[in-house]
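Asker: Pasting the sequence and the predicted model now:
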Amino acid sequence: MLAPNGTRPRLPAGLDLLSVAGKCLQGPAFDRYVTALRRALTEAIDPATISVLHLQHLAFGATPALIRALPTHPRIALVHGTDLLFAEAHRDQLRILRETARAADAIVVPPARWQTTCSSSPHRSNAARSPTSRGASPTSC
């Protein structure tokens, strides 16, 4: 997780925040941000403790940074509507989304009926379950 500006929140054991400046959506600054985030991830993560990368928000900086920090790990990607909306509106997000799709070992795209159920539920995290690839456990929306 990225550290928020201001006072750092108290975190559960085993969870840490990364302080990486420059978060943005496009242009050369976006590429610099991804590089800085990759460096921070490389320093913070022991690759031996990771078995699979669960990629979310595929068109934003964390996904390419994770893929570059852990280039040999298997990857499962979960597509969100925001990924598609930003890829449509921003050239760099479209590039990252395409790169991620090519690099993923499996891609999960929730069907429209689950997206509707999830977005209308007052308890989104428990609203619906979607099947995943290769026998993995279901993922909530």
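Answerer: Yep, it's here. On a predicted model such as this, the values are computed, not experimentally measured, just so you know. Residues are numbered from 1 along each chain as shown.

Asker: What's opposite the spatially most central residue of the chain in the beta bridge?
Answerer: Taking C-alpha atoms, centre = their mean, the centroid of the chain lies closest to residue 56, which sits 2.8 Å from it. Judged by DSSP bridges, the bridge partners of residue 56 are residue 78.

Asker: For residue 12, see how far away it is.
Answerer: 19 Å (C-beta to C-beta, to the nearest Å). (Glycine included, C-beta is placed from N, CA and C.)

Asker: Neighbours of residue 75, how many?
Answerer: 19 (other C-beta atoms under 10 Å).

Asker: same question, the one 5 residues further on
Answerer: Under the neighbour criterion other C-beta under 10 Å, residue 80 is assigned a count of 17.

Asker: what does the model give it for pLDDT?
Answerer: Looking at residue 80, its pLDDT is 83.

Asker: What does the closest residue to it other than its chain neighbours show for phi and psi?
Answerer: Distances taken as C-beta to C-beta, 6 or more residues apart in numbering put residue 57 closest to residue 80, at 6.1 Å, once the chain neighbours are dropped. When quoted as degrees, to the nearest 10, the phi and psi of residue 57 stand at phi 50, psi 70.
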